[in-house]
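Got a predicted model here, sequence first, then my questions.
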Amino acid sequence: MWKLVRYQLRGRRLLYTIGLISMVALTLYQATRFIGMRDNPVQSAPVSMSVPMMMAFYWVLFYGVMTVINIVTYTQDLYGDTGYLVFGLPLRGAEVLGSRITLLVIDTVVTLLGGMTSVIVLACLAPGLSQQVRPYVGRFLLTGDYWVMCLGVLAVIVSFMSIMFFGVTFGKTLTNSKKHLGSVFSALVVIAVLWASAQLGTLLEMRLFEGVHLTLSPWWNLPFLGLGTQPVQFPLVSPLMFVALGVLAFAVTSWLMDRKLNL
């Protein structure tokens, strides 16, 4: 599986290079703007904060693009010539699908670390914010609740992608070589699964597990955020059920690859 991961990473090397260079360039550009503002005492904290937040949005956009590419290239493997190479390897379906999940985790880690670095650097340079941010950067990076929240979000994202891969694979088993018809089936399957999951999760939280939640304080070591330092209640039942559904989707997709997939 790891050889396949390395092969796929090499195939995306140009995309990673262009994307990361673009994000570094944006960060440096915003940093030079802040350095130029230091001679102007009129700049205020609210004005300065908007730029790091916009940088965070750019990183989310970068992550969205890489995720879409992950799904598109997987679809091309199922319906295109590259599938003969990928599925011709002596690997089980779980290993092929695991390589895709590994790519997703790598994209997530790169985005999280890159986004945090950009935002922290810009906040430390921003007029009106730098004095507030610098003493708390180290404490924030060691905040356990923040990393628990990140792991929870990662688990939900991986589960969502597992369901997406299941939809694409299931559509292929139904329509064989008809890519456009398979895409329609895939979309319908994914929508149906997500809708059923949302309905069941809401029903469970309202009827059986009302009041069950997870309380975290991810921003506790950033006191200058004001109300953001207050504990936040996160739903627990629906995400756990969604993760279980993602595990089931992974198992079923692996079985479909081994038993029902015809290239």
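Yep, it's here. Just so you know, these numbers come straight off a predicted model, no measurement behind them. Residues are numbered from 1 along each chain as shown.

Tell me who's in contact with the residue nearest to the spatial centre of the chain.
Nearest to the mean C-alpha position of the chain, by CA atoms, centre = their mean, lies Thr108 at 4.9 Å. By CB atoms under 8 Å, 6 or more residues apart in numbering, the contact set of Thr108 is Tyr63, Leu154, Ile157. Bear in mind the C-beta positions are built from the backbone N, C-alpha and C, glycine included.

could you dump stretch 240-247 to PDB, C-alpha only?
In PDB, the C-alpha atoms belonging to stretch 240-247 read as follows (Å, rounded to 0.1, in the frame of the first residue of the first chain):
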ATOM      1  CA  LEU A 240     -19.800   8.900  16.400                       C
ATOM      2  CA  MET A 241     -22.500   7.400  14.300                       C
ATOM      3  CA  PHE A 242     -21.100   9.100  11.200                       C
ATOM      4  CA  VAL A 243     -17.700   7.700  11.900                       C
ATOM      5  CA  ALA A 244     -19.200   4.200  12.300                       C
ATOM      6  CA  LEU A 245     -20.900   4.700   9.000                       C
ATOM      7  CA  GLY A 246     -17.600   5.700   7.400                       C
ATOM      8  CA  VAL A 247     -16.000   2.500   8.800                       C
END
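
Buried residues of it, list them for me.
Leu240, Met241, Phe242, Val243, Leu245, Gly246 (16 or more other CB atoms under 10 Å).

element containing the third one?
In other words, Phe242. helix 237-259 (DSSP states H and E).

residues making contact with that helix?
Contacts with helix 237-259, where a contact means CB under 8 Å, 6+ apart, come from 87, 92-94, 96-97, 101, 152, 155-156, 158-163, 165-166, 169-170, 173, 193, 197-198, 200-202, 204-205, 209, 212.

Just the buried ones among these, please.
Buried, going by 16+ other CB under 10 Å: 93-94, 96-97, 101, 152, 155-156, 158-163, 165-166, 169-170, 173, 193, 197, 201, 204-205, 209, out of the contacts of helix 237-259.

quick one, helices of the protein?
With DSSP state H as the criterion, the chain has helices at 2-11, 13-37, 45-79, 82-86, 93-125, 130-133, 137-141, 144-175, 179-207, 237-259.

just flag whichever of the ones you listed has the lowest average confidence.
Note on the helices of the chain: lowest mean pLDDT is at helix 82-86, with a mean of 74.

Show me what that helix packs onto, helices and strands only.
helix 45-79 (3 or more CB pairs under 8 Å, 6 or more residues apart in numbering; DSSP states H and E).

What residues of the helix it packs on count as buried?
Applying 16+ other CB under 10 Å to helix 45-79 flags 45, 48-49, 51-52, 55, 58-59, 62-63, 66-67, 70-71, 73-75, 77-79 as buried.
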